[in-house]
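Peer 1: sequence? don't have it. structure:
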């Protein structure tokens, strides 16, 4: 069977009360990246955080982290654009990537495009109410087209996030327009727990995504379960030919105790190998996704 691309999503905006092993600072993310790479992950996704865990958008955070990872391993880098914590315009949201592209030691390999806008307020099932009421992840068509142009300009790979079927339909439209080249790399963002914005992290939720993939386009797909346990769907994803994006940024995995990100990656590799799929190396990942050579700014 084809090899599986494993992405380590090491911190997102996750707190440490569920698992103290969530990395915040560059040195902690760099450490986790190397450990996850050693276990079989080929892609690193991370968010800038302060020592207290608050969002950090300063370009210096990404420059330090990317350079540190590059010094230890060849892992492919997929930093965030800030999610809802960065509510700037398209230029402002992409500014940190522009800074990263000035040096080959800090240049990433992916930049994300969350296709569509969704309400991402936090649901409190115990109290039957929303803890927030005005969190909107805004991604206008114009903003996404700006991201797409800059990503292609730099030779990066578009990391297309589909929160629901409407996202996938817009991805297909972008492919028809030539805004998104093939093969497209699409991440199905399932959501559970306090997050209701995506399809639920169930077999049916995943099937709904797969059903609406355009049949006449080359698409490589991966799956994340934001605020849910993706390991429960791992066998289904692997057997269906998909890839896995997972880590403490999305879920604390207390079912396994208080694991590190590397221990979660090792669990995915164990399941994949039991089903006949080996983890893809960095070079194999680049080949599967037909990734270009990154073009660093002069």
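Peer 2: The structure has been received and is ready for your questions. Computed from a predicted structure; not experimentally measured.

Peer 1: Could I get the pLDDT score of the residue sitting nearest the centre point of the chain?
Peer 2: The chain has residue 45 as the residue nearest its centroid, 5.5 Å off, counting by C-alpha atoms, centre = their mean. For residue 45, the pLDDT comes out at 98.

Peer 1: That one belongs to a helix, doesn't it?
Peer 2: No: using DSSP: H, G, I helix; E, B strand; the rest coil, the assignment for residue 45 is strand, not a helix.

Peer 1: if I look at it, how far off is residue 102?
Peer 2: Distance, residue 45 to residue 102, by C-beta to C-beta, to the nearest Å: 21 Å. To be clear about C-beta, it is placed using only N, CA and C from the backbone, and glycine gets the same treatment.

Peer 1: hang on, residue 294 in a helix?
Peer 2: No: Residue 294: not assigned to a helix; according to three-state DSSP it is coil.

Peer 1: how many other residues sit next to it?
Peer 2: 15 (other C-beta atoms under 10 Å).

Peer 1: List the single closest residue to it in space, sequence neighbours excluded.
Peer 2: residue 155 (4.7 Å; C-beta to C-beta, 6 or more residues apart in numbering).

Peer 1: Show the contacting residues for that neighbour.
Peer 2: 292, 293, 294, 295 (C-beta atoms under 8 Å, 6 or more residues apart in numbering).

Peer 1: Give me the buried positions along stretch 217-224.
Peer 2: Buried residues in stretch 217-224, defined by neighbour count with 16 or more other C-beta atoms under 10 Å: 219, 220, 221, 222, 223, 224.

Peer 1: What is the nearest of the residues you listed to residue 10?
Peer 2: residue 224 (12.5 Å; C-beta to C-beta).

Peer 1: Distance of that closest one relative to residue 68?
Peer 2: 24 Å.

Peer 1: Ok, residue 28 next?
Peer 2: Residue 28 is 10 Å from residue 68, by C-beta to C-beta.

Peer 1: returning to what we had before: could you dump the buried residues of stretch 217-224 into TSV and include distance to residue 15?
Peer 2: Formatted as TSV, these follow (distance: C-beta to C-beta, whole Å):
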residue	distance to residue 15
219	34
220	32
221	29
222	25
223	23
224	18
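
Peer 1: Show me which of the residues you listed is closest to residue 284.
Peer 2: Proximity of these to residue 284 was ranked by C-beta to C-beta; the top entry is residue 220 with 12.2 Å.

Peer 1: can I assume the closest one sits in a strand?
Peer 2: Yes: counting by three-state DSSP, residue 220 is part of a strand.

Peer 1: Tell me which residues touch it, please.
Peer 2: 5, 183, 184, 185, 186, 243, 288, 289.

Peer 1: now the strands: where do they sit in this protein?
Peer 2: Taking DSSP state E as the test, the strands found in the chain are 6-9, 43-46, 76-79, 110-114, 118-119, 123-124, 129-130, 136-137, 157-162, 184-191, 219-226, 243-246.

Peer 1: can you put the ones you listed in TSV and add distance to residue 265?
Peer 2: Listed next are the strands of the chain as TSV, based on distance: least, C-beta to C-beta, whole Å:
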stretch	distance to residue 265
strand 6-9	6
strand 43-46	11
strand 76-79	14
strand 110-114	18
strand 118-119	27
strand 123-124	28
strand 129-130	33
strand 136-137	27
strand 157-162	18
strand 184-191	17
strand 219-226	14
strand 243-246	7
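
Peer 1: of all these, which lies closest to residue 234?
Peer 2: Between those, strand 243-246 lies closest to residue 234; by C-beta to C-beta that is 6.4 Å.

Peer 1: Could you give the separation of the closest one from the chain centroid?
Peer 2: 8 Å (C-alpha atoms, centre = their mean, to the nearest Å).

Peer 1: can you check stretch 15-34 too?
Peer 2: 16 Å.

Peer 1: Could you work out the end-to-end span of it for me?
Peer 2: Using C-alpha to C-alpha, to the nearest Å, one end of stretch 15-34 lies 22 Å from the other.

Peer 1: cool, and stretch 245-256?
Peer 2: Start-to-end, stretch 245-256 (C-alpha to C-alpha) is 18 Å.

Peer 1: try stretch 3-12
Peer 2: With C-alpha to C-alpha, one end of stretch 3-12 sits 26 Å from the other.

Peer 1: Tell me how far that stretch lies from the chain's centre.
Peer 2: 7 Å.

Peer 1: With stretch 93-109 instead?
Peer 2: Distance, stretch centre to chain centre, for stretch 93-109: 17 Å (C-alpha atoms, centre = their mean).

Peer 1: cool, stretch 66-86 as well?
Peer 2: 11 Å.

Peer 1: got a list of what the closest residue to residue 61 other than its chain neighbours touches?
Peer 2: Excluding its sequence neighbours, the residue lying closest to residue 61 (C-beta to C-beta, 6+ apart) is residue 48, at 4.0 Å. Residues counted as contacts of residue 48 (C-beta under 8 Å, 6+ apart) are 55, 56, 57, 58, 61, 62, 65, 79, 80.
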